[in-house]
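> Requesting a structural model of the entry that follows:
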Amino acid sequence: MPPRSRLAALSLVAASLVLPARAAAATSSNWAGYVAHAPHAKFRTVRGAWTVPAVDCSIPRKTYSAAWIGLGGYHSSSAALEQTGTEADCRHGIPHYGAWYELVPDAEVPLPLAVQPGDKIAARVSVHGARAIVRIRDVTRGSVYRKTLTAPAIDTTSAEWIVEAPSQCDGLLGPCRVLPLANFGAMKFTAARAVTASGHQGVIGDPAWAASPIDLRATTLTIGDAEDTGDGTAGATAGGLSASGAWFTVSYAPAA
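Residues are numbered from 1 along each chain as shown. Presented below is the predicted three-dimensional model:
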């Protein structure tokens, strides 16, 4: 079964953001980046841009990384996640790149976009009722994919800008195992904005919601009856938000 995204697995709750310094970060076995959320808030759109990294495949093993924006999946009660992004993987020393969307709990769907390292990507995910609209554009190559889908489930309680170590899952409900994170170097998310269901639009650091940083740390995680230990100990760290609150960098953190 191919790698797929998974809901957040957080080990602590992040504090509220204080600009320009970074707030205390939550840690996750599979996510690194930022999440916008607020009590009782619902989001309808998330936007962001990034450059596809040139992944380091000098070590001949299978490693994986995904960069994406999405709605939902952050809270412990979340059962859905609507997202689109790119991947930069290593398979026996050879880099592989691609684009995809995923409506968790359904599996990832590869897209017919031939992305390459250095390509500038702009993406948007919107939700209207039970419909999810995904749009991802390779600005460098001028190619666009847009599709309106009926989602099996919807979660709009958070907005995310994330680098992820994908998971290998045994069926839609797991058990899941976090795969080794590929060395993507550093990635900057820019033009990051979200819109609430009431129409308020803002950057990640908008005072209308909390902006929680997340660091990826390989840990042992129990999912159902299975232990998810990952295959490597490399992680990733989210840097502080820019003064504008609209961009940040996620950096690969090699094993100590």
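> for the chain, which residue is closest to the average position?
In the chain, the centroid-proximal residue (Cα atoms, centre = their mean) is I162; its distance is 2.9 Å.
> in which helix or strand would I find that residue?
strand 159-164 (DSSP states H and E).
> Just give me how far that strand sits from the chain centre.
3 Å (Cα atoms, centre = their mean, to the nearest Å).
> Check stretch 241-251 too.
That offset, for stretch 241-251, works out to 15 Å (Cα atoms, centre = their mean).
> What is the end-to-end distance of that stretch?
One end of stretch 241-251 sits 13 Å from the other (Cα to Cα, to the nearest Å).
> quick one on the thing from earlier: test of understanding: give the bridge partners of the residue nearest to the centre of the chain.
G33, W68 (DSSP bridges).
> V46 is in contact with that one, correct?
No: counting by Cβ atoms under 8 Å, I162 sits too far from V46 to count as a contact (10.6 Å). Every residue, glycine included, has its C-beta placed from N, CA and C.
> which residues are common contacts for those two?
69-70 (Cβ atoms under 8 Å, 6 or more residues apart in numbering).
> and the strand holding I162, average pLDDT?
Computed over strand 159-164, the mean pLDDT rounds to 98.
> how far away is N30 from W68?
Using Cβ to Cβ, to the nearest Å, one gets 12 Å for the distance from N30 to W68.
> Identify the contacts common to the two.
With Cβ under 8 Å, 6+ apart, N30 and W68 have common neighbours E164.
> Quick one: the strands in the stretch 1-150 of the chain, in order.
Along the stretch 1-150 of the chain, the stretches classed as strands by DSSP state E, counting those that start in this stretch are 26-28, 31-37, 43-51, 66-71, 81-91, 94-104, 109-110, 120-128, 131-138, 143-150.
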